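> Could you work out the structure for the sequence below:
(chains A and B)
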2 protein chains.
Amino acid sequence: MLLDGKLVSTKILEKIKDKVNKLEKKPHLAVVLVGNDAASQIYVRNKKKTAESLGIKSTVIELSEDTSEDVVLENIKKLNNDEDVSGILVQMPLPKHINKEKIICAIDPKKDVDCFTPENVGKLAIGMKPYFYPVTPQGVLLLLDYYKVPIEGKHAVVIGRSNIVGKPMAQMLLQRNATVTICHSKTENLEDIIKAADIIISAAGKKVVRCKMVKNKAVFVDVGISRDTNGKLTGDLNWELDFNNFDEVVSYFGRVSPVPGGVGPMTIASLMLNTIRTIESNECLELL
Amino acid sequence: MLLDGKLVSTKILEKIKDKVNKLEKKPHLAVVLVGNDAASQIYVRNKKKTAESLGIKSTVIELSEDTSEDVVLENIKKLNNDEDVSGILVQMPLPKHINKEKIICAIDPKKDVDCFTPENVGKLAIGMKPYFYPVTPQGVLLLLDYYKVPIEGKHAVVIGRSNIVGKPMAQMLLQRNATVTICHSKTENLEDIIKAADIIISAAGKKVVRCKMVKNKAVFVDVGISRDTNGKLTGDLNWELDFNNFDEVVSYFGRVSPVPGGVGPMTIASLMLNTIRTIESNECLELL
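Predicted coordinates:
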């Protein structure tokens, strides 16, 4: 069966819209964009558009490629102190002359909607409540929960160990009582490990998995996004090697998410959820 | 071959002693002990004794079982502000009426020699340099490194997911480019997972592993400590089921650490290393 991120994200966004409607003070998401990266500009535009369609205020601070680190830090400080701003997001990647770690550490953890700061990451790791949950992993769990995929006790394999997806995904799966394996570019026996998995979350950004490597009826969540030689968006699953069409893929797996239309829209819904999230309540994972 | 923690820790302690000797301002470890837990009292006494034998100043603040949370917090604040104190350690467990998370968050991350604070845990998780590395996992890695056990690309299985051992151990193994699996009480297929491991770090505190579950010539590091029915100290490895004496165990494994005499003494050496550690340099893992 399909894990339909488009469907589930639409439902989440509708609920968020209702909620925002009832709020007297509207949430306000500030996005800092440094430089001219084309993909980043599209991502930021989409975030702004989605926020506004839900009644969430949004401000984009666009800084030129040659902006100094100090100026970026000053902008973050201003947003930290601006009581109207409820969420701050610094779009990655940053230009090379800017120290990413310094920028991340400057964000007020209470406004860190991406869950990038050490304080929020650390709280997540030791089982304390962070101010926000990491966006993509939260989106994946919302998708799995919608389809009632059992997680506790299952062997979940995460491919990739980025700070944005792989590592926080592993933490959140562990919190849900999965047995978790993290694989990456140095993994020596990826095929054996994939074969043993009940749930696979693939965030390699390369076509590293083919269907026949995976146990029949396993759950496969594709977080990878890249473009094939024809410029078409594809995920980490190289399904064309084993099947003729995606329907066959869907019936091979217990559950599988497509690219596009899977984790992509869930990620943006998850960000919006963080943006309206009140710090006190832990409703982010229980909204559905 | 044996992973001899007694031998390796002695070598580390000698080096620390030399180093402390040359320091003009001696490091100063402050330990906060609340209540009358017998095991905690022994641990604290050993830490103090070891510190002093190396020329490290040590202060133990003993507070009675019924001390209020506020008083504990005040004591930590005082230690944070005391320029002579370079390391603060709050002995766990705390009495039930005290909120452990509040206490941990009150420790200045720059003096958090246990690496318990969200800031240090978060930095470790996202690959930034924490002020200190977590004590037991650092001790395990120092032991493996002394015996030149290869880690990169290997499949390491960590049994247990505590904040003190399992979770930070997984993070540090991942940083060393191992493929890492974390198992725990909810894991459904522990035997299959153990069988696939090249390196096993067991911190269950129960006799959950027998030798014949493990691949021949794998590496087994026993972090568990419990007492058997005769009151004898034992680890997580139930080796008596498969072998007559520990020499046979040693030749079955590629490497194996005993209990006692394995990770126990490494943990205290690792704590001393943190206590003398200067924040700027990253020498803790390169001392040997």
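
> how about the helices in the stretch 51-200 of chain A?
Assigned by DSSP state H, counting those that start in this stretch, the stretch 51-200 of chain A shows helices spanning A:69-81, A:100-106, A:118-126, A:135-146, A:166-175, A:190-195.

> And for the second one, what's in contact with it?
Under the contact criterion Cβ atoms under 8 Å, 6 or more residues apart in numbering or on different chains, helix A:100-106 has outside partners A:69, A:72-73, A:76-77, A:80, A:90, A:92-94, A:116-118, B:126, B:128. C-beta here means a position set from N, CA and C on the backbone, and glycine is covered the same way.

> cool, the first one as well?
The set of residues that contact helix A:69-81 without belonging to it, under Cβ under 8 Å, 6+ apart, is A:30, A:32, A:34, A:61, A:63, A:85, A:88, A:90, A:94, A:97-99, A:102-103, A:106-108, A:111.

> one step back: for the helices of the stretch 51-200 of chain A, give me a markdown table that also has distance to residue B:250, mean pLDDT and mean neighbour count.
A markdown table is the format used below for these (distance: least, Cβ to Cβ, whole Å; pLDDT from 0 to 100; neighbours: other Cβ atoms under 10 Å in any protein chain shown):
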| stretch | distance to residue B:250 | mean pLDDT | mean neighbour count |
| --- | --- | --- | --- |
| helix A:69-81 | 54 | 98 | 16 |
| helix A:100-106 | 44 | 97 | 18 |
| helix A:118-126 | 35 | 97 | 25 |
| helix A:135-146 | 42 | 97 | 24 |
| helix A:166-175 | 32 | 98 | 24 |
| helix A:190-195 | 28 | 96 | 17 |
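
> Export these as JSON lines, with columns for distance to residue B:5.
Below are those laid out as JSON lines (distance: least, Cβ to Cβ, whole Å):
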{"stretch": "helix A:69-81", "distance to residue B:5": "45"}
{"stretch": "helix A:100-106", "distance to residue B:5": "34"}
{"stretch": "helix A:118-126", "distance to residue B:5": "26"}
{"stretch": "helix A:135-146", "distance to residue B:5": "36"}
{"stretch": "helix A:166-175", "distance to residue B:5": "28"}
{"stretch": "helix A:190-195", "distance to residue B:5": "30"}
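
> Just the buried residues of stretch A:126-134, please?
A:126, A:128, A:130, A:131, A:132, A:133, A:134 (16 or more other Cβ atoms under 10 Å in any protein chain shown).

> before we move on, back to that, from the contacts of helix A:100-106, pick the one nearest residue B:7.
Nearest to residue B:7, judged by Cβ to Cβ, of those is residue B:128 at 33.1 Å.

> Leaving out sequence neighbours, find the closest residue to the closest one.
Of all residues not flanking residue B:128 in the chain, residue A:101 sits nearest, at 5.4 Å (Cβ to Cβ, 6 or more residues apart in numbering or on different chains).

> roughly how far apart are the residue nearest the centre of chain A and chain B?
Central residue of chain A (Cα atoms, centre = their mean): residue A:136, 1.4 Å from the mean position. Between residue A:136 and chain B the distance is 15 Å, computed by Cβ to the nearest Cβ, to the nearest Å.

> these two touch, right, that residue and residue A:264?
No - counting by Cβ atoms under 8 Å, residue A:136 sits too far from residue A:264 to count as a contact (9.6 Å).

> Tell me how far the closest residue to residue A:166 other than its chain neighbours lies from residue A:136.
The spatially closest residue to residue A:166, leaving aside those adjacent along the chain, is residue A:160, at 4.0 Å (Cβ to Cβ, 6+ apart). Distance of residue A:160 to residue A:136, given as Cβ to Cβ, to the nearest Å: 11 Å.

> if I look at those two, which residues touch both of them?
Taking Cβ under 8 Å, 6+ apart as the contact rule, residue A:160 and residue A:136 both touch A:203, A:223.

> Quick check: residues of chain A near chain B?
Counting by Cβ under 8 Å from any Cβ of the partner chain, chain A comes close to chain B at A:101, A:104, A:116-123, A:125-128, A:152-155, A:161, A:163, A:167, A:170-171, A:174, A:177, A:179-184, A:186-189, A:192-193, A:196.

> again, only using 7 Å
A:101, A:118-123, A:125-128, A:152-153, A:155, A:161, A:163, A:167, A:174, A:177, A:179-183, A:186-189, A:192-193, A:196 (Cβ under 7 Å from any Cβ of the partner chain).

> looking at the helices of the stretch 51-200 of chain A, which is closest to residue B:6?
Here helix A:118-126 is closest among those (Cβ to Cβ), at 30.7 Å.

> on that earlier part again, any idea of the pLDDT on the residue nearest to residue A:166?
pLDDT recorded at residue A:160 is 98.

> give me every residue that touches it.
A:166, A:184, A:203, A:204 (Cβ atoms under 7 Å, 6 or more residues apart in numbering or on different chains).

> and with 10 Å instead?
Residue A:160 sits next to A:166-167, A:169-170, A:182-185, A:201-206, A:208, A:223-224, A:236 when contact means Cβ atoms under 10 Å, 6 or more residues apart in numbering or on different chains.

> do the same with residue A:107
For residue A:107, the contacting residues are A:32, A:76-77, A:79-80, A:87-90, A:113-114, A:116-117, A:119-120, by Cβ under 10 Å, 6+ apart.
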